Structures are given as structure tokens and as C-alpha cells.
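Peer 1: Structure for this input, please:
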Amino acid sequence: MEKLDFLRNEIDRLDKSLLNILAKRLLLVSQIGELKSRFGLSVHAPDREEMMFSSRRKEAEELGISPDLIEDILRRVIRESYFNENEKGFKNLCPYLRPVIIISNDAGMGKLFNRMFILSGYQVRFLEKEDLYLEEKNLQSACLVLIIASISFTKIVISKLPKLMNDCILVNVSSIKDHALLEIMLGFHRGPVLTLHPMFPSDIQNMIKQAIIYYKGRMSEMCQWLLDQIRVWGVKLYSWDVIKHDKNIFSIQSFLYFIFFVFGLHLKDEDVDLKQILLLSCSMFRVELAMAGRFFAKDSQFYIDDIINSKNNLLMIKSYYQRVGEILFLLENNKMQDLNDCFDKIKCWFGGYTKLFLKESQILLKYIDDFKE
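Peer 2: Numbers count the residues shown, from 1 in each chain. All right, here's what the predicted structure looks like:
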């Protein structure tokens, strides 16, 4: 026991040394953040990241340490570093603009955008629906009005907005894109109109490496400063083809929401013991359960809007229902070879992405295992 205590004390001593080193590293990161903010440099430096990972992996191998371990540690440290850099703020690309107004019933996403604009030095007002009448003068003089909400709420807000100045940018930020909503915005406001579709959840610490799809409604040249400002935050912006988006992103996303909905309903109706599942399930199932639980942690209106407002969603759900019936027939009739053939065809369709997804899922599963009691 004396030997064990001695070794544990040595580990504690080294851990404290690691903490001191991390504190010094974060101080340097903070100084880098100040420089990037002053000169408007992008927060994300992918070439620098890759060089660092490559060098540290090689050095770890020479010391007999797992390169994967070092990369895992570095990635976590870098994620915290980006958050520290963000706290130093961002270069304000248009310092003399009139106020930015954010109207939201999505507290997470609304507060995220609110925080990013404040860190960039803009005058920002954060409103909810009941604040519209009180803030009519501020709305009329705004340079930018962002509505961050579900489709149904956004339509209500637009109907209650006062007339905006002709150079004010009217922006809808939502989890899905809706043609009818864009037409309503264009009909209401004669000035520049833009739609932003964030491809990330609202509970992230920063927007670095995240993607936003944008759609030009009107006077896109007047929206350029806003897109440039968002890029300064480390976001990757994509102007996407509407038809491709509907097929490859919008419909699939709405369909997955439907799957989570049914999965949760099935667990509830079967009265599954969640506590027992968490104790006994494998990590992969726990990830699936976590994603379903995350789905139901949010207000229903966001997801119901997504499911209902996808024109192709009902057709996709019907096709899914048909395929479930086909697989069920194979199971009931013990068609093992047919099931294997079906599996191989799907695997072939995934192609090389199976290896990518396997690697990504392994990282997730290891992270889940770390938090098991």
C-alpha cells in the first residue's frame, strides 16, 4: 500500500504539472485570439492544425506513446482553445452600422447568434414575440433583422413587423428552408432578403468548422458584409442549389426526425425501462438512445414544423413503410440469403464511406464509454 500511495502521489504531481502547462498554453492561445481579432484573421487554421497533428503523432510514436492518444488530447485542447480565442472577440467588418435585431423563440440558436454579434462589436437587441410592439422604433431603424425561429413562429413575426428601412437586411435563420416562407419575406420587405440554414445544433460553444447553407432572396450584394462577418467566425458558407438541398438534406433531415419520433413512441408504448437499458446496453445502442433523447429534449414545434413542411416527407415515409414490410416478409419467411444479399447491396452503395463512418463512430463510442459509471 505504501508503494501504491507513492505512485499515486507521483501521478498527482504530474497531473498538476499538466494543468500548469495547459494554463500557459491557453494564455498563448488568448494572445493569438487578440491578434486574430485585431486583424480580422480567420479563427480556424486547418493547415496549422494538420501540421500540428502530424508532428505530435510522430513525436509520440518516438516516445512509445500511442499517436491516437496524443491526437485525442490535442483535439480536445484545441476545441477549448478555439473557445478561448472566441472570448477575445472578432473583427467588426462594419463598425458604423445601425443596430442588429434578433427575434427568436429558439433560445439556444438565438442566443448563439446574439453572442457572436456582440463579440463582433455590434449593437444588438434580442427580442421575443411579445417585445415587438415595444421595440417598433428600434426595428424601423435596424440595419439587420434576424428571425431565428420555427416556420410557424416566423410567419407570425413577419405579420407583426413594422415597415423596415429599404437597406435593412431581413434574414430568416431556421433548421429548414421553406419556399413559401421566402416568398412571404420577399412580399413583406422590398429590401435585401436572405435565408440561413445552420447545419449544427444550438448548444455548441462556437461556430468554428460549422457549416451554414445560405439562399439569396434579393439584393445579395447588400448582404455580402453579413456573409463575410459570418466567415470571420470560422463558419464555412455554402450557396446551395435549392433542388439538390431539398432532396439531399431537407427531406432526409425531416425523415430522420420522423424516425426518432416513431422510435420514441415505440419505447414509450412498450414501457421500456430506460434505467436498466443504460446499465446493460452496449455503447452503440446508448448513442442511438442519446440521439433520440436529444430529439425529445427540445420543443416539439421545431420538429413538427420540419416533418409537416417537407412536401416529399410523406412520400419518403410511405416508401420507408413499404421497405419495412419487404424486410419483415423476408424475416417471417426465414429468407437468410435474401437478407444477406440486401445487406451486401447496401454496403456496396455506402462504398468507401463505411470506413469513414466506422472511424467516426469509434470515436463517439470511446467517448460514451468514458462516461459509463
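
Peer 1: pull the longest helix from the chain.
Peer 2: Among the segments of the chain that qualify as a helix by DSSP state H, the longest is helix 2-39.

Peer 1: buried set for that helix?
Peer 2: By neighbour count on 16 or more other Cβ atoms under 10 Å, the buried set for helix 2-39 is 26, 29, 32-33, 36-37. For every residue, glycine as well, the C-beta is placed using N, CA and C.

Peer 1: Name all residues that make contact with Lys137.
Peer 2: Counting by Cβ atoms under 8 Å, 6 or more residues apart in numbering, Lys137 touches no other residue.

Peer 1: picking that back up, can you give the contact residues for the helix or strand following the longest helix of the chain?
Peer 2: Remark: after helix 2-39, the chain's next helix or strand is helix 46-62, criterion DSSP states H and E. Contacts to helix 46-62, defined as Cβ under 8 Å, 6+ apart, come from residues 66-67, 69-71, 74, 78.

Peer 1: Put together a markdown table for those residues, with distance to Ser55 and secondary structure on each row.
Peer 2: Formatted as a markdown table, the contacts of helix 46-62 follow (distance: Cβ to Cβ, whole Å; DSSP: H, G, I helix; E, B strand; the rest coil):
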| residue | distance to Ser55 | secondary structure |
| --- | --- | --- |
| Ser66 | 16 | coil |
| Pro67 | 11 | helix |
| Leu69 | 15 | helix |
| Ile70 | 10 | helix |
| Glu71 | 11 | helix |
| Leu74 | 10 | helix |
| Ile78 | 14 | helix |
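
Peer 1: Any of those buried? List them.
Peer 2: 70-71, 74, 78.

Peer 1: returning to what we had before: could you give the mean pLDDT of the longest helix of the chain?
Peer 2: Averaging pLDDT along helix 2-39 gives 88.

Peer 1: can you give me the helices for the stretch 151-300 of the chain?
Peer 2: 151-160, 179-188, 224-232, 242-245, 251-269, 274-280, 283-296, 300-309 (DSSP state H, counting those that start in this stretch).

Peer 1: worst average pLDDT in those helices?
Peer 2: helix 242-245 (a mean of 54).

Peer 1: sorry, back to before: any idea which of the buried ones among the contacts of helix 46-62 is closest to Leu186?
Peer 2: Ile78 (41.5 Å; Cβ to Cβ).

Peer 1: Please report the distance of the closest one from Leu41.
Peer 2: 16 Å (Cβ to Cβ, to the nearest Å).

Peer 1: Check the spacing between Gln210 and Ser81 real quick.
Peer 2: 16 Å.

Peer 1: Give me the phi and psi angles of the nearest residue to Leu112 once chain neighbours are set aside.
Peer 2: Excluding the flanking residues, the one nearest Leu112 by Cβ to Cβ, 6 or more residues apart in numbering is Ser202, at 5.8 Å. Dihedral angles of Ser202 (phi, psi; degrees, to the nearest 10) stand at phi -80, psi -10.

Peer 1: ok, Ser202 touching Met109?
Peer 2: Yes - counting by Cβ atoms under 8 Å, Ser202 does reach Met109; the two are 3.9 Å apart.

Peer 1: Looking at these two now, which is surrounded by more residues?
Peer 2: Met109 (24 against 18; other Cβ atoms under 10 Å).

Peer 1: what does the helix or strand harbouring that one rub up against?
Peer 2: Remark: Met109 resides in helix 107-119, with elements defined by DSSP H and E. The contact list for helix 107-119 (Cβ under 8 Å, 6+ apart) reads 86-87, 89-90, 100, 102-104, 124, 126, 146, 148-149, 173, 198, 201-204, 207, 233.
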